[in-house]
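# Turn this into a structure:
(one chain, ligands or ions: 2)
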Amino acid sequence: MHHPSVTIHDKQFSLYIPERKILHSVEIVATRLSHDYRGKRPLFLSVLNGAFMFASDLMKEMSTPCEISFIRLASYSDMHSTGKVKEIMGLNEDIRGRHIIIIEDIVDTGHTIAGLLPQLRQKGPASVEVATLLIKPESLQHNLAIKYPAMSIANDFVVGYGLDYNGLGRNLRDIYKVI
Ligand SMILES: O=P(O)(O)OC[C@H]1O[C@H](OP(=O)(O)OP(=O)(O)O)[C@H](O)[C@@H]1O
Ligand code: HPA
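Ligands and ions are numbered 1, 2, ... in the order given. Next up, the predicted model:
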C-alpha cells in the first residue's frame with residue numbers, strides 16, 4: 001500500500017520518494033558498482049539497522065561476484081545526532097587487502113561515516129568507498145567524498161525503506177518526510 005501520508009508516534013509524514021523511484025536509483029548505483037568492481041570481489045559492509053533494505057535490493061542488482069557482511073554502530077537517538085562516534089561491532093572478516101564498500105541508508109551530518117572510515121582504514125583494506133541510498137548535502141558537517149550516493153535530498157527528516165523514527169517506519173516501501 002502507498003499512502004499519501006502516515007503518522008508515526010507523534011509526527012505526520014507525507015509521501016516523498018515512491019518505491020519505483022527508489023528502486024530505479026538503486027539499480028543505477030548497482031550498475032555503476034558492478035562496472036567499477038568487476039573482478040575485484042568487493043566486500044560490502046552494511047551498517048545496521050537502517051541499511052538492511054537498501055543492502056538487500058542493491059545486492060540483488062549486482063552483476064559481479066561480491067560478498068556482504070553486516071556491522072553495527074549507532075550514533076542517533078530521537079531526531080538529533082548525539083555526535084558521538086561508536087565503535088564497529090560484528091566485523092568478523094579480515095579486511096586486509098579487500099575492496100570495501102560501506103552500505104548506508106543515509107549520510108546526514110556525516111558523523112557516522114566520518115567515525116567509521118578511519119576505523120576501517122586502520123585495518124588495511126585495499127580501498128574503502130561509500131554507497132548510500134540518501135545524502136543530505138545541506139546537513140553534511142564533514143568533508144567526505146561519498147562516491148556512490150543514490151539520491152540527494154533536502155534537509156528534512158525522512159522515514160521508510162529501512163529508515164526509522166524512534167524505531168518505527170522501517171517497513172514502509174516508500175520514503176516519507178516529516179510535515
Ligand atoms: O550522517 P549521520 O548524521 O551520522 O546520520 C546517518 C546515520 O544515522 C542513522 O543511523 P542510526 O544511528 O539512527 O541507527 P539505525 O540505522 O539503527 O537507525 C543512519 O542509518 C546512519 O547510520
Ligand atoms: O532523516 C533521517 N531519518 C531517519 N534516520 C536518520 N538518521 C539520520 N538522518 C535520518
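# which parts of the protein sit against ligand 2?
76, 106, 108, 157, 158, 159, 163, 164 (Cβ under 6 Å from any ligand atom). C-beta coordinates here come from the backbone N, C-alpha and C atoms, glycine included.
# Is it possible to mark the buried ones in those?
Neighbour counting over the residues of the chain next to ligand 2 (16 or more other Cβ atoms under 10 Å) leaves 76, 106, 108, 158, 159, 163, 164 as the buried ones.
# what's the pLDDT at the nearest residue to residue 89 once chain neighbours are set aside?
Distances taken as Cβ to Cβ, 6 or more residues apart in numbering place residue 72 nearest to residue 89, at 4.5 Å, with adjacent residues excluded. Residue 72 is assigned 93 on the pLDDT scale.
# next one: phi and psi at residue 66?
phi -150, psi 160 (degrees, to the nearest 10).
# Counting neighbours, what do you get for it?
By the criterion of other Cβ atoms under 10 Å, residue 66 has 18 neighbours.
# What does the pLDDT read for it?
Here, the pLDDT recorded for residue 66 equals 98.
# Report the contact partners of it.
Counting by Cβ atoms under 8 Å, 6 or more residues apart in numbering, residue 66 makes contact with 37, 41, 42, 43, 44, 59.
# Surely residue 104 and residue 45 touch.
No: with contact defined as Cβ atoms under 8 Å, residue 104 does not reach residue 45; the gap is 9.7 Å.
# For the two, indicate the residue with more neighbours.
residue 45 (28 against 25).
# For that one, give me phi and psi.
According to degrees, to the nearest 10, residue 45 has phi -120, psi 110.
# Identify the bridge partners of it.
Note on residue 45: beta-bridge partners by DSSP bridges are residue 69, residue 102.
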